[in-house]
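>>> Have a look at this prediction, sequence included:
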Amino acid sequence: MAFTFHHAEPKIWTGPYGRIPGETTVFHVRMHPRKAQMWPLVLMAKDSDLGSCWAVDGPEADELAKTVLKAKGFLGGGSGGEFLINEFGQVLVPSPSGDGRRVYAGRVEGRLRFENPFDPGAAIDLSEDSGLSCGDPWPIPYVGCQYNLAAGGWVYTTLETRDGTTYPRLQSDCTYLIQSLRRIRPTGAVRFIVNPCGLVATKRHDGSQWHPVYVGRVRVGAWFEAEGSCGLNVVPQAATVISRKRR
Amino acid sequence: MAIRFEGNCTANVSDDAKYHIKVSKGGHIEIPYEFDESDQWLLATKSHPELVTMVNQVRLELNENPGGAFYINEFKQVLVPDRKDKIYYLAGTYSEPLRFTFSDCNRDITISGEPIDLGGDPTPIGGEWKGLHHGIRYTLAAGGNDIYYTCFPRPDVKRTIKLSKEVGPEAAAQIASKVKAIKGFQGGRFYINEWREMFAPRLEDDETMYFYIGRLQPDDPWFPIHRCGV
């Protein structure tokens, strides 16, 4: 399922925006040193290294970068910056001034692929989880939207509105997801991410540091509804660990 | 063949933070000096032909024109960035001190990387740094308990080298406390020059001023010298 990008005119976004602080949890548009043009990338931390994973070359990545820049301009900014892509593929661009405004700038579909700076010539596929089991080290960039598992056992998101912040709960049955999260973090509240291809990851403490680990995938029909009429950007795999276990 | 240097390659942007060789002027070593907001002096010396030859040899091996920017780090290693990709090369070690002396009316003024003001008096720790601004950049981590620098071991990969990993958290915090006295808990960049003198910029009333941190002593916990190819 190839990567496609459907750009949209910038439109103010009032839906969930699960941004985790830090530069490695979001996408960026920056000057590509070899292309000499603005280009999408995501940052991946690995031990003491921080890798710049540039989007794999192609017209769709070019269009995505241009659209994000246009959205930044719409919000009063200019030269690059960060943006989010949620699990529905919706491209959400925050105001560079930090005033809390965000715009919807389009939608991606399919596999998002980035160059792997730690393995030149190889690509990182944000939909690729074949061979991963719940609790395995997360091998790709920890980028995605934040969700939470409350200590009381429900999943919620955070929604900032003019009237204040609300915490809508997931109404669908997501026992599968809660069980997976609890295998990694048996008690307490858990923050986790859902990446643009519906993969779920969280962090586990090893005694001195937090390390990202794979949890599973969100399922169509058992997740939040999108703002606007679109479905999850879930790329089918030949066989995932979760589906094998279900069989 | 030029030897690639993969230690702390500071990549300072400001012209007064690095030495320059001006071939058009007969191989001078130059460095700008900000005397005050409106007055910048261009200091020059012809007293180091061996150093000029070392830098130009790297340029030759890189098929670049002679001259240009270079640095000397706290281990007296001479570092030459190439002009295209800003990859750093080791030109060798140079121990002769670089001082820039000139006459101003009736007196001689010497400016260098030493903690000495324009009147020839020593700068106290915490006092305004009146020496040259050239040096190798390090960063005091937020919180003020560690020091790090970043380098680029390969394209698109930035590596953070922490002093605490080299010498242990307690020893790192010991030397970091000297920097914290100037930079505060928020941390930020500071510089060390070939004299092993440390100084740091700080914003004072919307103006960036530099302050003297102190000298890095031989037994102070610090990063090891980077030996190319080791």
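In hand now; what should we look at? Everything quoted here is computed from the prediction, not taken from an experiment. Numbering: from 1, shown residues only, chains lettered A, B, ... in the order given.
>>> Could you show which parts of chain A are in contact with chain B?
Residues of chain A found near chain B (CB under 8 Å from any CB of the partner chain) are A:33-34, A:48-54, A:115, A:117-118, A:120. (Each C-beta comes from the backbone N, C-alpha and C, glycine too.)
>>> so what are the domain limits for chain A?
A:4-125, A:145-246 (automatic domain parsing).
>>> Figure out which of those is closest to residue B:90.
domain A:4-125 (22.4 Å; CB to CB).
>>> Give me the distance from the closest one to the chain's centre.
Averaging C-alpha positions (CA atoms, centre = their mean, to the nearest Å) puts domain A:4-125 10 Å from its chain's average.
>>> measure it end to end?
Start and end residues of domain A:4-125 are separated by 14 Å (CA to CA, to the nearest Å).
>>> returning to what we had before: now for the domains of chain A, which one comes closest to residue B:96?
Across those, closest to residue B:96 is domain A:4-125 (CB to CB), at 35.3 Å.
>>> Quick check: mean pLDDT of that closest one?
Mean pLDDT, domain A:4-125: 93.
>>> so what's residue 126 up against?
You didn't say which chain, so I picked chain A. A:111, A:112, A:113, A:114, A:140, A:141, A:143, A:195, A:196, A:197, A:199 (CB atoms under 8 Å, 6 or more residues apart in numbering or on different chains).
>>> Oops, wrong one, chain B.
B:181, B:182, B:211, B:212.
>>> ok, of these, which come out buried?
Among the contacts of residue B:126, the ones that count as buried by 16 or more other CB atoms under 10 Å in any protein chain shown are B:182, B:211, B:212.
>>> What ranges in chain B fall below the confidence cut-off?
Within chain B, the ranges that satisfy pLDDT under 70 run B:12, B:229-230.
>>> residue farthest from the centroid of it?
residue B:106 (30.8 Å; CA atoms, centre = their mean).
>>> which residue is nearest the middle of chain A?
Residue closest to the mean C-alpha point of chain A, counted by CA atoms, centre = their mean, is residue A:144 at 2.0 Å.
>>> For chain B, which residue gets nearest to chain A?
residue B:156 (3.7 Å; CB to the nearest CB).
>>> give me the number of residues near that residue?
Using other CB atoms under 10 Å in any protein chain shown, residue B:156 has 21 neighbouring residues.
>>> hang on, isn't it packed against residue A:114?
No: look at residue B:156 against residue A:114 with CB atoms under 8 Å: they stay out of range, at 10.4 Å.
>>> ok, back up a step: and the residues of chain A next to chain B, which two are the farthest apart?
Maximum distance among these (CB to CB): 24.1 Å, for A:34 and A:48.
>>> Between those two, which has more neighbouring residues?
The neighbour count for residue A:34 versus residue A:48, taken as other CB under 10 Å, is higher for residue A:48 (13 against 10).
>>> Leaving out chain neighbours, which residue sits closest to that one?
residue B:160 (5.0 Å; CB to CB, 6 or more residues apart in numbering or on different chains).
>>> try residue A:45
residue A:24 (5.4 Å).
>>> hang on, that neighbour packs against residue A:41?
No: the criterion here is CB under 8 Å, and residue A:24 misses it with residue A:41 at 11.1 Å.
>>> What are the buried residues along stretch A:188-203?
So stretch A:188-203, judged by 16+ other CB under 10 Å, has buried residues A:190, A:192-203.
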